[in-house]
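>>> Below are the sequence and a predicted model for it; my questions follow.
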Amino acid sequence: MINIPKGTKDVLPANVHKWQFVEDIARCTAEGFGFAEIRTPVFEHTELFQRGVGETTDVVGKEMYTFLDKGGRSVTLRPEGTAGVARAFIENGLQGGVMPFKAYYLYSAYRYERPQAGRLREFHQFGAELYGSASPYADAETILLADHFLKNLGLKKVKLNLNSIGCPACRANYQQALREYFRPYLDEMCEDCKSRFGKNPMRMLDCKEEGCKKYTAGAPRMLDFLCEDCRAHFEAVKDLLARAGVDYTVDPSIVRGLDYYSRTVFEFTSDAAGAQGTVLGGGRYDGLLGQLGAKPTPAVGFAAGIERLLMVLEAENAEVPEREPVDCYLAGMDEPSRVKAFLLAEELRKEGLACETDLLDRSLKAQFKYADKLGARFVAVIGESELEEGAAQVKNMADSASERVKFEDLAQYIIGKE
Ligand code: HAM
């Protein structure tokens, strides 16, 4: 037997309603904020992620699914959604269109990570991106969208953590301070950190090696280096969130694992997601569109991991609607009545009812058992006498009450019992 690749998962029919619940809430919440769905390819030119996400990040440096296609071009399965949306925006000339541009997506992403609970190689994200506004209102509205989404799912124990990582101007001073701080410890730090030291010392703060973590804890904090504009922006975002009644904690240790961020960064975390506590992450990234060739366009967005959300929904015992039951199971007892059941099911479906009938030549008893497993609301039995009479014997599975209902009245009868 050929097994599923490591770090990937099947979603089986018995569980898919949970995914659809999350997806429906995502769509509905995003559309309520004026976001429209965007769909971009699952693979892009490798360079897009190298330039967009950043060469010094773990995602680009270690985790990409990159390969040469048959034409010898280097392509990469998207490790995240932001860079692809930015490329689509630029390539389709949307800069000249309605602003702000607001798009959301629900799609898979690929990272060659060490799999564990909540960390997969193929995972799924709900993401949202807003372009064209540098205003703190845009940051606050994006965070509100994320907050509404999580609350609409019924999650109660998810916490919002917020930070500002400044703009390139104030960050230069901070990077300098970080280098001064880390320099004496550099010999004891991992090889990755040694190379990050020169290229991007902020990445050192994100290092997962225990030997490095002991130094990062005492490192200078970006919040102490913010320039006046960045500080005012951060204060305004916090003020808007507080006025909107959103609880948050300022966490100066959030740097995010991708290079494009500037100013506001945020993460929604849950203890219920185990070691992989971040269910949703995002922030402002005013430099990315310009860096990819567009005219400079401010941007802010986030993405949530669907698998992690499902773990948290389960851990929080949140209510997930069950799969819609079959409205009517039509049971035939002999060949002519089976044909009638088959055709009648088709009539009922045209009226919008969910119906099933026998496909396995089962006995009446076995058909009832199956209908019960399906959670069918009604079972309509058709035998010789019912055929003669032009009416089915209809059993309401909730209270076992049974009535004769004319074939032509059956749809309305079931609809009337909703
Ligand atoms: P990210 O923090 O890399 O950000 O990922 C966002 C979310 O995707 C995480 O919080 C987590 O829930 C989920 N996730 C990431 N990696 C995995 C994995 N290996 N297995 C399962 N879930 C995972 C981004 O991707 C940015 N593009 C977000 C963004 C959009 N920023 C601005 N706009």
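Yep, that arrived. Numbering: from 1, shown residues only.

>>> hey, what's the residue nearest to residue 101 when sequence neighbours are not counted bridged with?
Counting by Cβ to Cβ, 6 or more residues apart in numbering, residue 131 is the residue found nearest to residue 101 once chain neighbours are left out, at 4.2 Å. To be clear about C-beta, it is placed using only N, CA and C from the backbone, and glycine gets the same treatment. Residue 131 forms beta bridges with residue 101, residue 299, as assigned by DSSP bridges.

>>> List the contacts of residue 131.
89, 99-102, 289, 297-299 (Cβ atoms under 8 Å, 6 or more residues apart in numbering).

>>> 6 Å - rerun?
101, 297, 299 (Cβ atoms under 6 Å, 6 or more residues apart in numbering).

>>> for the protein, which spans come out with low pLDDT?
The chain contains residues with pLDDT under 70 at 273-274.

>>> Quick check: the gap between residue 391 and residue 58.
From residue 391 across to residue 58, the span is 68 Å (Cβ to Cβ, to the nearest Å).

>>> I'd like to know if the host helix or strand of residue 51 reaches the ligand anywhere along the stretch.
Following DSSP states H and E, the helix or strand that holds residue 51 is helix 46-52. No: judged by Cβ under 6 Å from any ligand atom, helix 46-52 and the ligand are separated, with a smallest distance of 9.6 Å.

>>> Return the distance of that helix from the chain's centre.
Distance of helix 46-52 from its chain centroid, counting by Cα atoms, centre = their mean, to the nearest Å, is 22 Å.

>>> That one packs against which elements?
The helices and strands touching helix 46-52, judged by 3 or more Cβ pairs under 6 Å, 6 or more residues apart in numbering; DSSP states H and E, are strand 74-77, helix 82-91.

>>> Can you list the neighbours in contact with that helix?
By Cβ under 6 Å, 6+ apart, helix 46-52 touches 60, 66, 74, 76, 83, 87.

>>> so after that helix, what's the next helix or strand?
helix 58-62.

>>> Extract the C-alpha trace of the helix or strand that that next one is followed by and format it as PDB.
Using DSSP H and E, the helix or strand that follows helix 58-62 in sequence is strand 65-68. The C-alpha coordinates for strand 65-68 follow below in PDB (Å, rounded to 0.1, in the frame of the first residue of the first chain):
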ATOM      1  CA  TYR A  65       9.000  22.900  -1.700                       C
ATOM      2  CA  THR A  66      11.000  24.100  -4.700                       C
ATOM      3  CA  PHE A  67      11.600  22.100  -7.900                       C
ATOM      4  CA  LEU A  68      12.500  22.500 -11.500                       C
END
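
>>> Neighbouring strands - and their directions - for strand 65-68?
Here, using DSSP bridges, strand 65-68 pairs with strand 74-77 (antiparallel).

>>> hmm, the partner strand in reach of the ligand?
No: using Cβ under 6 Å from any ligand atom, strand 74-77 never reaches the ligand; the gap is at least 12.4 Å.

>>> And that strand, what's buried?
With burial defined by 16 or more other Cβ atoms under 10 Å, the residues of strand 74-77 counted as buried are 75-77.

>>> pull the CA atoms of it into CSV?
Taking Å, rounded to 0.1, in the frame of the first residue of the first chain, the C-alpha atoms of strand 74-77 are listed here in CSV:
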residue,chain,number,x,y,z
SER,A,74,12.4,26.9,-10.7
VAL,A,75,8.9,26.9,-9.2
THR,A,76,7.8,26.7,-5.5
LEU,A,77,4.6,25.5,-3.9
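
>>> Pull the distance from that strand to the chain's centre.
For strand 74-77, the distance to the chain centre is 22 Å (Cα atoms, centre = their mean).

>>> rewinding a little: compile the helices and strands packed on helix 46-52 into TSV and extend it with columns for distance to residue 325.
Output for the helices and strands packed on helix 46-52, formatted as TSV (distance: least, Cβ to Cβ, whole Å):
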stretch	distance to residue 325
strand 74-77	38
helix 82-91	38
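
>>> Deepest-packed of the ones you listed, please.
helix 82-91 (a mean of 21; mean count of other Cβ atoms under 10 Å).

>>> OK, contacts around the residue lying closest to residue 189 once chain neighbours are set aside?
In space, and not counting its chain neighbours, residue 189 is closest to residue 212: 5.0 Å by Cβ to Cβ, 6+ apart. Shown in contact with residue 212 (Cβ under 6 Å, 6+ apart): 189-190, 193.

>>> Between these, identify the one with the most neighbours.
residue 193 (23 neighbours; other Cβ atoms under 10 Å).

>>> Report whether that one is found in a helix, as I expect.
Yes: assigned with DSSP: H, G, I helix; E, B strand; the rest coil, residue 193 falls within a helix.

>>> shouldn't it be in contact with residue 208?
No: the pair residue 193 / residue 208 is not scored as a contact, 10.7 Å apart, by Cβ atoms under 6 Å.

>>> what residues does the stretch 251-400 of the chain put near the ligand?
Near the ligand, when you scan the stretch 251-400 of the chain using Cβ under 6 Å from any ligand atom, you find 257-258, 278-283, 285, 301-305, 307-308.

>>> Which of the residues you listed fall in helices?
307-308 (DSSP state H).

>>> among the residues of the stretch 251-400 of the chain next to the ligand, which two are most distant?
The span of these, defined through Cβ to Cβ, is set by 285 and 307 at 24.1 Å.
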